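Peer 1: Return atomic coordinates for the entry below.
(5 chains, ligands or ions: 4)
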Amino acid sequence: MDDIAVEVEGVDYTYSQSQKVHALRNVSFKVNTSEFVSFIGPSGCGKSTLLHLISGLLNPSKGVIHVNGKKSSSGLGRVAFMPQRDTLFPWRTVEKNAVLGAEILGIPRQEALQKASSLFDLFGLSGFEKAWPSELSGGMRQRLALLRTFIIPRDTILLDEPFGSLDALTRHEMQQWLQQIWDQDRRTIILVTHDVDEAILLSDTIYVLSERPGSIVQRVEINLERPRKKKVINSTEFTKIKSEIFQILSSGI
Amino acid sequence: MDDIAVEVEGVDYTYSQSQKVHALRNVSFKVNTSEFVSFIGPSGCGKSTLLHLISGLLNPSKGVIHVNGKKSSSGLGRVAFMPQRDTLFPWRTVEKNAVLGAEILGIPRQEALQKASSLFDLFGLSGFEKAWPSELSGGMRQRLALLRTFIIPRDTILLDEPFGSLDALTRHEMQQWLQQIWDQDRRTIILVTHDVDEAILLSDTIYVLSERPGSIVQRVEINLERPRKKKVINSTEFTKIKSEIFQILSSGI
Amino acid sequence: LNGNDSDELYTTTLMLDWTPNTNHTGIYVALDQGWYEEMGIDLQIIEPAAAGVESVLGQGQADFGISYAEYMIPARLAEIPITSIATILPHNDSSLMSLSSTGIESPKDLEGKTYGGWGGPLEKSLIDKLVACAGGDPEKVEYVEVGNIDYVPGMQQGRFDFVWVFEGWDVIRAKNMDGVGINTLKFIDYTNCIPDWYTPLIASNDKLISENPDLVRSFLDATNRGYEYAMSNPDEAATILLKSVPELDEQLVKNSAQHLSTRYKSEDNQWGYQELNIWEDFELFLLQSGITENSLAVENVYSNEFLPSSD
Amino acid sequence: MNNFRQKIKEYFPSLLFLIFSIFFWEWYVKSGYVSDYLIPAPSAIGLSFLEHISILPDHIFTTMLEALVGLFFAVVIGVLIAVLIAGIPFIRRVLYPIIVVSQNIPILALAPLLAVWFGFGLAPKVIIVVLIGFFPIVVNTTDGLMNADKDMVSLVRGLGANRWQVFRLVLFPSAVPAFFSGLRIASAYAVIGAVIAEWMGASSGLGLFLIRSQRSFQTDQIFMAIVVIAMLSISLFLSIQVLSNVAMPWRKTLVDLGEK
Amino acid sequence: MNNFRQKIKEYFPSLLFLIFSIFFWEWYVKSGYVSDYLIPAPSAIGLSFLEHISILPDHIFTTMLEALVGLFFAVVIGVLIAVLIAGIPFIRRVLYPIIVVSQNIPILALAPLLAVWFGFGLAPKVIIVVLIGFFPIVVNTTDGLMNADKDMVSLVRGLGANRWQVFRLVLFPSAVPAFFSGLRIASAYAVIGAVIAEWMGASSGLGLFLIRSQRSFQTDQIFMAIVVIAMLSISLFLSIQVLSNVAMPWRKTLVDLGEK
Ligand SMILES: Nc1ncnc2c1ncn2[C@@H]1O[C@H](COP(=O)(O)OP(=O)(O)OP(=O)(O)O)[C@@H](O)[C@H]1O
Ligand SMILES: Nc1ncnc2c1ncn2[C@@H]1O[C@H](COP(=O)(O)OP(=O)(O)OP(=O)(O)O)[C@@H](O)[C@H]1O
Ligand SMILES: [Mg+2]
Ligand SMILES: [Mg+2]
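Peer 2: Ligands and ions are numbered 1, 2, ... in the order given. Here you go, the predicted structure:
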């Protein structure tokens, strides 16, 4: 029933701009409420396309997508989506960028700013509240985009490579924060990442996609105990899952 | 004498737009010709700023930079620089984007196109030669930017997180390719990365930077035998260096 | 360079004061009949919509131009070297037009009425004088500047009560309109109060006049023939004008040609002849009403010298 | 063929609206709410068109020649000036005020001067069209050039591009959309510019036709001329729309809030 | 203070150029290459200014009032139409051609109608300024709205923004630079638009002053009026430049190829 947050059934997607690109083929899966799901797959296999479909910004060429039990095309605005490119608004200061999503939902700006300000420090952005996005480093931009996504009060969150430009340590900090916040408010998270360690560390379930046109070649459940600390990476179970995934990826190519 | 490709001496840099940001403090190092050097450091510590300085796009607030024995401010155009944001030209097709740098140097377009076309396949971009950049996935954009940088006939190459949006496997392939091409033509490469494994795998020397204002806290020489295959990651020497660097990073914070 | 003695045509330019109309009939007739060519002249006609004929003429960009006495005198005062060589009409053909429903029968009735015009000083001076002569109070006339509004609808809308128009054009047109009754006060009927003056007239550049008087003479010769034709054959002349300028309204041109055919010259003089006292009186009026600030020897403003010798 | 049908379908509402407006207009005039010497009925305009069908082509040719030649030079001069203004701060400070002034010299006051300097041929009309048309091109192209992506400029400068290359590779392409906005504005002014220019002295052209009609109080003819002028302008405007789509193939789809 | 000095230094070359031009002009006229009834000497223009210093303020006030009120409505109407055009494809197809036509109705031909409908007060002049000024604003703002970054639009739509929010949060800010280009163009036309409007009938204003001067061949007065008109326009233009800088604080530095 209400347990299913996102349901994707037999979805195909083909772009047709200057040429036809078959991006996704026959993708089906279900995401339970409060589940943490990751997608892994080769570059260009359709991961970002999939998130666009779930968010309702694209309509499947074939198949259906339900978000919270509703067809997603009518469901724009049902999820909080952090796209791969940071898409910061150059005419808004850092803090105003942070509250953009909240503003759309009609949350009073003051309230949203307060909520954001508590996170600036954690995200290593304090001191830059009044700066323009063009004055941020690549990693800072990405963190700001993540912050913006998280203060949107939605039950489902889509993250497209949220840590791609972060150094190992910052990335680790952010991962820990993400685990913690997820543990607290139990929102459904769908993560696209190219880092297998990250996927294993964070997820309940990992879907491995094939090359373009992307289709699911394997569903991997991760049953490692939570909360997962950094050292879990060196555990045998972790290593086992990791090599399993690598094997799938290498053969799937 | 001519052995030194890049020399940075006591460089400071401070941005002063909406607020003053002290990005780099007293940075000095030398890069030999044909050396492969990496920079690692926390997000926002000034790595991209450093590459901008070396390329001559910014002038140091203090100190001097020599590229090929010349002061770099007069040295715009002495290096091939791949910036962190891909900066593809939306009005050029994929292949025309690839030959942009070559075009600037007056290499006939046909010749450049031919040189590029041999790389398209390797970079997983074949079939997209006539597409527009907006039709590429995030990883494809990054690979195109890398391709564009590499076909510029310059002795020194600056790469700012060239593999940030690539999945593990593609990244590995590109790393191997990079090693191989470097081995062939022995160009000087300065790499900024947030991936410690990547830095160790590829570099002769790694500089670890502190938090902002960035300054060099450690110079690490890597003497692993070349060519380095993937499995070297599991070697004890590799692990030793890696944990050393992590320690520096953690303490430097 | 005398155009008469070779096959070479002398190319010369005439700049009109306004869109071609029946005032210009003689010129179009002479052109159409080839009379300029007979005199060795290849005539180009330029028509402007805006002011500026005098300056252009003074610079010699045009050899001949159509102007008015009220422009000639200030132009000469501004030292623009041009001279009036013939008047197209011997008497002023202007009048003040109003709707008959407004009840303006005499200048005295202008009291309390609104004049719609260009806001020029000459207009105000003339109207003031007319009202004053009739024993009215000029202060009681209202003025509004109306640009190039179409008069009749403007008056029907009550925006103003009377305007300054040409009898031979605007008035004829207004009389032609269905259900529009109009009254006119002709300036020429009040010469005891206001001066008569030459409008329109043909002017030429002083340099041309002194360097090539024969050309001026030849030009006026042909032009004179054209106006003589327009006087004796108004209908045919109108047809010729319409042939050259097909955009004009046929009925208007035909009626206007009839109206003007008796007015191109006076009984006493040949076509184009200008009288000293008319120039003098007008110059004095301009000076007295403060329109011009300096006096001018009017003998130099015009010349009858180039008119065809009347034999 | 299919494409054509699509277009028809797309423009059907406009057409309908047009036809409806014309009928309404006809009814409005015929019903006597307004005198027909103020606004003629569409049918009268149509008749007037037929009546002058033999003399119109000449006038149209003259005016279009002036408009097109003028527009051509407006583009050349406008882009040139924009490059100077965007490229050289000194010139920007000297030239920009002069250009603004150039838009504020009443053409009427200029008329005698132009006549003296350039006579009454094609030249003065072309000059006026250029004078009216180059300004929006300058303003827009300048802004387009100066708003180019700084990262792109950095990229090519870092590769050692010289000034001209920076212009050719980054600034020009970036300015193309803004340039086309300017060109569209200029194109809408070109025909009317030629018409106005003709009022200063001409021997052929729609401006001449128009003023002759007005001076002989032929409202139907005036409106017919206006309709012809409007048609010509719209054709020009649409041609430039098409041109701009061809020139910017990477911008297939603009943001369209219409449907999803 | 320092800033002020900097500005002075920046504009010094322009100033020098201006002064030089004026001297050259004086010399050119005085040397007799051109009659002074065609172009008067700058000194004559200056004298004429002093002579009319008492009556000028009234004329200036009238004209500026017309220009500013007109510009205000041009902005309001222009932006409104741009939003409609950008937002509703149907309206785009119906309205755009009509707007182009509106630019091609010769004001001279329109004048009689306007006078009949609106009399000779402020209204017809404001209408003409609006008619001239709203067009560049419409074209530029429309293009600005439609060229907004698609990713940004996707972002806010994905968050469930309604149409109005998409406009407010993405399209409007994106269109600001293009809008200002349009406004700059419109502002350069506003004063001259008012002047032209006054030629159709007025009882005060620089247009009236100008035409009266022309009728009495007072070239120095004509040029003096033109200089005043040019000054007013430049002030307006510069004010809008300043306004645009204030409105877009994130665009501190434009691409400047001047120095490094
Ligand atoms: N707007 C578009 N128009 C046309 N083709 C597109 C578009 N966006 C993506 N594609 C194509 O669809 C395919 C999948 O793209 P997508 O962005 O979903 O990949 P991805 O899995 O996110 O890759 P990456 O890891 O590199 O970000 C790619 O081949 C890409 O070229
Ligand atoms: N154009 C700019 N104007 C002002 N400040 C800037 C600008 N660019 C960068 N900075 C500031 O300089 C500092 C260093 O930035 P830089 O981009 O060099 O970091 P980085 O080491 O590359 O970080 P990352 O790994 O996140 O890319 C940051 O704090 C950033 O806010
Ligand atoms: Mg992606
Ligand atoms: Mg960086």
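Peer 1: Name the SS class of the one residue in the stretch 151-253 of chain A that gets nearest to chain C, please.
Peer 2: Closest approach between the stretch 151-253 of chain A and chain C, counting by CB to the nearest CB: A:I152, at 60.9 Å. Every C-beta, even on glycine, is put in place using the N, C-alpha and C of the backbone. Three-state call for A:I152 (DSSP: H, G, I helix; E, B strand; the rest coil): coil.
Peer 1: Then C:D196?
Peer 2: Under three-state DSSP, the three-state class of C:D196 is coil.
Peer 1: Please report how far C:D189 lies from C:M97.
Peer 2: As judged by CB to CB, to the nearest Å, C:D189 and C:M97 stand 14 Å apart.
Peer 1: middle-most residue in chain D, spatially?
Peer 2: Nearest to the geometric centre of chain D sits D:S187, at 1.7 Å (CA atoms, centre = their mean).
Peer 1: sorry, back to before: please name the residues that touch the residue of the stretch 151-253 of chain A closest to chain C.
Peer 2: A:A80, A:G101, A:A102, A:L105, E:L159 (CB atoms under 8 Å, 6 or more residues apart in numbering or on different chains).
Peer 1: The second one against A:I151, yeah?
Peer 2: Yes. Using CB atoms under 8 Å, A:G101 and A:I151 qualify as a contacting pair, with a distance of 6.8 Å.
Peer 1: Next one: the residue most central in space within chain C relative to C:I45, how far apart?
Peer 2: The centroid of chain C falls nearest to C:P200 when counting by CA atoms, centre = their mean (2.0 Å). As judged by CB to CB, C:P200 and C:I45 stand 14 Å apart.
Peer 1: Return the residues in contact with the closest residue to ligand 3 within the stretch 151-300 of chain C.
Peer 2: Per CB to the ion, C:E247 is where the stretch 151-300 of chain C lies closest to ligand 3, at 67.2 Å. C:E247 makes contact with D:H52, D:I55, D:F209, D:R212, D:S213, D:S216, D:Q218, D:Q221, according to CB under 8 Å, 6+ apart.
Peer 1: Any idea how many residues pack against the third one?
Peer 2: By that I understand D:F209. 29 (other CB atoms under 10 Å in any protein chain shown).
Peer 1: sec struct for it, please.
Peer 2: helix.
Peer 1: State which one residue of chain D is found closest to ligand 2.
Peer 2: Residue of chain D nearest ligand 2, by CB to the nearest ligand atom: D:K150 (8.8 Å).
Peer 1: For the residue of the stretch 1-150 of chain D found nearest chain B, give its distance to E:Y11.
Peer 2: Residue of the stretch 1-150 of chain D nearest chain B, by CB to the nearest CB: D:D149 (7.6 Å). To E:Y11, D:D149 is 29 Å away according to CB to CB.
Peer 1: for C:V245, same thing?
Peer 2: Counting by CB to CB, the gap between C:V245 and E:Y11 amounts to 53 Å.
Peer 1: D:A123 now?
Peer 2: 35 Å.
Peer 1: now A:G46
Peer 2: From A:G46 to E:Y11 the distance is 57 Å (CB to CB).
Peer 1: which one of those two has more residues nearby?
Peer 2: A:G46 (29 against 14).
Peer 1: you'd agree the more buried one is up against A:Y15?
Peer 2: No. If you go by CB under 8 Å, A:G46 and A:Y15 don't touch, sitting 9.8 Å apart.
Peer 1: what's residue 161 in contact with, if anything?
Peer 2: Answering for chain A, as no chain was given. Counted by CB under 8 Å, 6+ apart, A:E161 has contacts A:Q84, A:V192, A:T193, A:H194, B:G138, B:S165.
Peer 1: you looked at the wrong chain, it should be chain C
Peer 2: C:D161 neighbours (CB under 8 Å, 6+ apart): C:S98, C:L99, C:T102, C:I104, C:K113, C:T114, C:Y115, C:G116, C:M155.
Peer 1: Need the phi and psi values for it.
Peer 2: Backbone torsions for C:D161, taken as degrees, to the nearest 10, come to phi -110, psi -30.
Peer 1: Quick check, pLDDT for it.
Peer 2: For C:D161, the pLDDT comes out at 92.
Peer 1: Next, the contact list for residue 38, please.
Peer 2: Using chain A. By CB under 8 Å, 6+ apart, A:S38 lies in contact with A:I190, A:L191, A:V192, A:T193, A:E198, A:A199, A:L202, A:S203, A:T205, A:I206, A:Y207.
Peer 1: oops, I was thinking of chain C
Peer 2: C:A222.
Peer 1: And it, what's its pLDDT?
Peer 2: Note for C:E38: predicted pLDDT of 93.
Peer 1: For B:L88, see how far away the residue of the stretch 151-253 of chain A closest to chain C is.
Peer 2: Between A:I152 and B:L88 the distance is 29 Å, computed by CB to CB.
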